[in-house]
Structure formats: C-alpha cells, structure tokens
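Student: sequence plus the predicted model coming up.
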Amino acid sequence: MRFSSIVIIFQSASIFLTVLAVYTKSHIPEERKKFLCGGRSITYSEYSWSALVETTNVSGNRISWSWANQLSHLMSDSSNQNFVLFGPESEVSKFYILQDLTTGGSSDNHNHVFEYIVLVDKIERTCGMIMRVLSRLNSNSASSPDQNISLCFIED
C-alpha cells in the first residue's frame, strides 16, 4: 500500500515539470556571441552598440504575458533542436528590445516589423535572443498586428 502511494505522488509531481526541448551552452566571451534570427546573422559588434529598451510584457491582440513565461514556452518547443541559450533559462533576468536593429518591410499585402530582443542575466551577460515579427494588413492599419515570436539560434 505504501509503495502505490509513493508512485502516485511521484507521478503527480512529474506533471508540473517543464521538459526542456531546446539546448543550452556554457557562456563564451561576449565578443564571440552570434545569433541567427530568421536568416539574419546578428553579431556582438552589431547588438552591443544598439540602444536598449527594457521590456517586461509581450502584448498580443487581447493577451499579455511576461517575457519570462514566453521564454519558458519557447524553451519547451520539441520541434526546435538547436542551441538557443548561453547558460540555463533560470539565469535570464532581463529582456531588452534592440531599437537600432528593428527593421520594417512589406510582402503579400502585409507590413512587417522585425524586432530583436536580447536576453541577459543578472551580471549583464548575453544569454540569448528572440525575434518578434509584427505583421499587419496594408489596408487595415488600425488593427492590432499579428505577432510571431521565435528563439534565435546560436551560431558557432
């Protein structure tokens, strides 16, 4: 009887564990860090001089959640088998939009804004990068944009 109670407790506890599907690496010198975001390679020399704007929440159509929650969601994506973070997810403490790297464009009757968010730890080391693409129909500029959020890959 005691054994079955222990099994039930362990099984119940496992429900609350997040499975880490993507990979992390140990930190390397900052000047050697480079990320691939949707086909664009972003090096330390590019993002280190960019103006930083701290951001805490992801805003969607009617949904707002923290970047930390968004990162946890992205880290559990089993289809992503790439290295995406330097250090463990738990070390990430701040999220900054890289204003000078934000770009825009249009395709298929949509306007797009590409934002890059750098993830840093408590001692200001770069841990990773997120790309957010905001898309809106050209004919409907008053509507809330659709957004696609993805982790950038670490380039060697």
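Tutor: Yes, it's here.
Student: walking through this protein, point out its helices one by one.
Tutor: Taking DSSP state H as the test, the helices found in the chain are 2-14, 44-47, 67-75.
Student: just checking, what packs against the second one?
Tutor: To tie it back to what came earlier, the one meant is helix 44-47. Here helix 44-47 touches strand 126-137, going by 3 or more C-beta pairs under 8 Å, 6 or more residues apart in numbering; DSSP states H and E. C-betas here are computed from N, CA, C, even on glycine.
Student: name the nearest residue to the residue nearest to the spatial centre of the chain, ignoring sequence neighbours.
Tutor: For the chain, the residue nearest the mean C-alpha position is residue 130 (3.5 Å; C-alpha atoms, centre = their mean). Leaving aside its sequence neighbours, residue 130 sits nearest to residue 117 (C-beta to C-beta, 6 or more residues apart in numbering; 4.3 Å).
Student: ok, now which ones touch residue 38?
Tutor: Contacts for residue 38 (C-beta atoms under 8 Å, 6 or more residues apart in numbering) come out as 114, 131, 133, 150, 152.
Student: isn't residue 88 right up against residue 24?
Tutor: Yes: the pair residue 88 and residue 24 passes the contact test of C-beta atoms under 8 Å, sitting 6.1 Å apart.
Student: who's more crowded, those two?
Tutor: The neighbour comparison of residue 88 against residue 24 (other C-beta atoms under 10 Å) goes to residue 24, with 18 against 12.
Student: distance of the residue lying closest to that one once chain neighbours are set aside relative to residue 95?
Tutor: Distances taken as C-beta to C-beta, 6+ apart place residue 85 nearest to residue 24, at 4.4 Å, with adjacent residues excluded. Using C-beta to C-beta, to the nearest Å, residue 85 is found at 13 Å from residue 95.
Student: what do these two both touch?
Tutor: Taking C-beta under 8 Å, 6+ apart as the criterion, residue 85 and residue 95 both touch residue 119.
Student: re the thing from before, which of the contacts of residue 38 has the most neighbours?
Tutor: Tallying neighbours with other C-beta under 10 Å puts residue 152 at the head of these, with 23 neighbours.
Student: that residue contacts residue 129, doesn't it?
Tutor: Yes: assessed by C-beta under 8 Å, residue 152 is found in contact with residue 129 at 4.1 Å.
Student: intersection of neighbour lists for these two?
Tutor: Counting by C-beta under 8 Å, 6+ apart, the common neighbours of residue 152 and residue 129 are 35, 37, 42, 116.
Student: many thanks, we can stop here.
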